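K.L.:
quick one, what's the 3D model for this:
(one chain, ligands or ions: 3)
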Amino acid sequence: MDNRISAWSAGLAGICAAATMAVMSNDAGAVPLRFGGHAYQAVMVAPNYPGGPAFDDHLDLSRAAFAAGLSTWANWRRGPGGNIDELAGNATAADFLNAMTPYQAGGAQALQAGDLFFGFYFGHGATGPFSPGNVGEQAPALSVWDESMIFGNPSSITDDQFTAAMGAFNPGVFKFIIDISCFSGGFWNGNDVNGAGDLEQVPRTILIVSSSELQSTYTSGIGPRPWEPLLLVRMINTLFFAPHNRNLSIAEFYARSAVAGAAINANRFDESTLPPGDALWSEIVSGDFDSSMLANFSLDELPGIGAPEPGSEALVALGLGMLALGRLQRRKS
Ligand SMILES: [Ca+2]
Ligand SMILES: [Ca+2]
Ligand SMILES: [Ca+2]
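P.N.:
Ligands and ions are numbered 1, 2, ... in the order given. This is a model prediction of the structure:
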């Protein structure tokens, strides 16, 4: 049963001792895409970790797969001139933070109230004595340590630093963050004694995490990229296979993808809408990690993660109209 081959845990200190590499980013020319009255912009990173062939030396393939799924929706586009800024696997913590600045307040492409910023991180997470953060979180935090994203060069972003980055957007911008790493739930409810805190303090923030503040996140062992945790596998599948003829709300995106409370999720959603023959959907969840979606506002206000393909709503309306007309004609005859 245990095909989870390794943990995204802070204990993997060896991954943090590598040489600095040259950094590339394809963010040149990224422009927020407007759709349905909102601008959308993503910055995505999944660091690769040095040390040779291993489960964690090519996580950028997972970032690319997620971006490919996202770009099947009308409001997201990859590549130059698109609105998905994909950082290379050798990106540093500074690269990730710097890639956000054009879209923050005062930036050349600053997002405005009601727009959606999407930040994606998949990689190692740290807490406790392995974390570069300070001790000082208090209840409702589950541990006193700050939690951190760890990059391969090595460099890191603590939850306090990331909170500051999210606070740098214009008021009213929605910040939607996916953090797939050990202890990622610790990016919420920090409540630091020094007055700082975690993402719960930044208005209009949503955070999807793969673990609680006290948990490691495990790889799923499922191909084609066996290093992806199950939540990430399912999120990628949801992007590709959810019905594209209507908006995909973030709440629905999470609910279709979530693995926490697996029985609840299995009962709540119609499995018949899932792609036939896709074994990934029937994978049994061991319950060894706990995904959650955290938000500090009503999700009804959200523009959603996926917008329908242009014209699809008209096509659906036309189809319903034809159906009604057919019934009318049958009634007449
Ligand atoms: Ca903590
Ligand atoms: Ca903190
Ligand atoms: Ca924290």
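
K.L.:
nearest residue to the middle of the chain?
P.N.:
Geometric centre of the chain, nearest residue: Ile178, 2.5 Å, by Cα atoms, centre = their mean.

K.L.:
tell me if stretch 118-132 is near ligand 2.
P.N.:
No - between stretch 118-132 and ligand 2, judged by Cβ under 5 Å from the ion, nothing touches; the nearest distance is 9.6 Å. From N, CA and C alone the C-beta is placed, and that goes for glycine too.

K.L.:
first-to-last residue distance for that stretch?
P.N.:
Its first and final residues considered, stretch 118-132 spans 25 Å by Cα to Cα, to the nearest Å.

K.L.:
now do that stretch, average pLDDT.
P.N.:
For stretch 118-132, mean pLDDT is 90.

K.L.:
quick one, helices of the chain?
P.N.:
60-70, 93-100, 159-166, 230-241, 250-257, 262-268, 312-332 (DSSP state H).

K.L.:
hey, least reliable of the ones you listed by pLDDT?
P.N.:
In terms of mean pLDDT, the lowest-scoring of those is helix 262-268 (a mean of 37).

K.L.:
would you pull up the residue in the stretch 1-150 of the chain closest to ligand 1?
P.N.:
Among all residues of the stretch 1-150 of the chain, Ser143 sits closest to ligand 1, at 3.9 Å; criterion: Cβ to the ion.

K.L.:
identify the residue nearest that residue in space, chain neighbours excluded?
P.N.:
Counting by Cβ to Cβ, 6 or more residues apart in numbering, the nearest residue to Ser143 once its immediate chain neighbours are dropped is Glu213, at 5.8 Å.

K.L.:
show me what contacts that neighbour?
P.N.:
Applying Cβ atoms under 8 Å, 6 or more residues apart in numbering to Glu213 gives the contacts Thr127, Ala141, Leu142, Ser143, Glu147, Phe183, Gly185, Gly186, Trp188, Asn189.

K.L.:
returning to that earlier point: touching, the residue nearest to the centre of the chain and Gly119? I think so.
P.N.:
Yes - if you go by Cβ atoms under 8 Å, Ile178 and Gly119 touch, sitting 7.4 Å apart.

K.L.:
for the residue in the chain that ligand 2 sits nearest to, give me its contacts.
P.N.:
Closest residue of the chain to ligand 2, Cβ to the ion: Gly190 (3.2 Å). Gly190 sits next to Glu137, Ala141, Asp146, Asp159, Asp160, Thr163, Ala196, Gly197, Asp198, Glu200, Gln201 when contact means Cβ under 8 Å, 6+ apart.

K.L.:
what's the lowest-pLDDT member of those?
P.N.:
Within these, Ala196 has the lowest pLDDT, namely 79.

K.L.:
if I look at that one, how far off is ligand 1?
P.N.:
Distance from Ala196 to ligand 1, counting by Cβ to the ion, to the nearest Å: 12 Å.

K.L.:
that's all I had, so thanks and see you.
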